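Student: no sequence for this one, just the structure:
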Ligand code: MN
């Protein structure tokens, strides 16, 4: 299936454009925001099929945003892929322990991102 709505939370213009190009090419619809705070609002209202969450953001970070999403019954079922460039050696473990449904490292690989998005969307069919 294609045409699912994906919410992209990313503060870096270049990364956001790359993600947009990959997802639009694959036939997804996207909404882009640059802060976790905006992402939480949009997720409640638009019910995306998937969220791509940058971890390092101005204001609230992506892991805190993820916890808010999972604590809210309106957004708790939306799968979230963490996208991060952090060199912190244990960050991947922190992300996995938090319960993110997927993980992508930066620099973003076109093939890997497309495959991960499709895998997670297939595994979490939307109810609407
Ligand atoms: Mn960032």
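Tutor: Yep, that arrived. These numbers come from a predicted model, not from an experiment.
Student: helix, strand or coil for the closest residue to residue 34 other than its chain neighbours?
Tutor: Of all residues not flanking residue 34 in the chain, residue 11 sits nearest, at 4.6 Å (Cβ to Cβ, 6 or more residues apart in numbering). Every C-beta, even on glycine, is put in place using the N, C-alpha and C of the backbone. Recorded secondary structure, residue 11: coil (DSSP: H, G, I helix; E, B strand; the rest coil).
Student: my guess is residue 11 contacts residue 37, does it?
Tutor: No. The pair residue 11 and residue 37 fails to qualify as a contact (Cβ atoms under 8 Å) at a distance of 11.5 Å.
Student: ramachandran coordinates for the most centrally placed residue in the chain?
Tutor: Geometric centre of the chain, nearest residue: residue 52, 1.2 Å, by Cα atoms, centre = their mean. Note on residue 52: backbone dihedrals following degrees, to the nearest 10 are phi -100, psi 120.
Student: next one: residue 54
Tutor: According to degrees, to the nearest 10, residue 54 has phi -60, psi 150.
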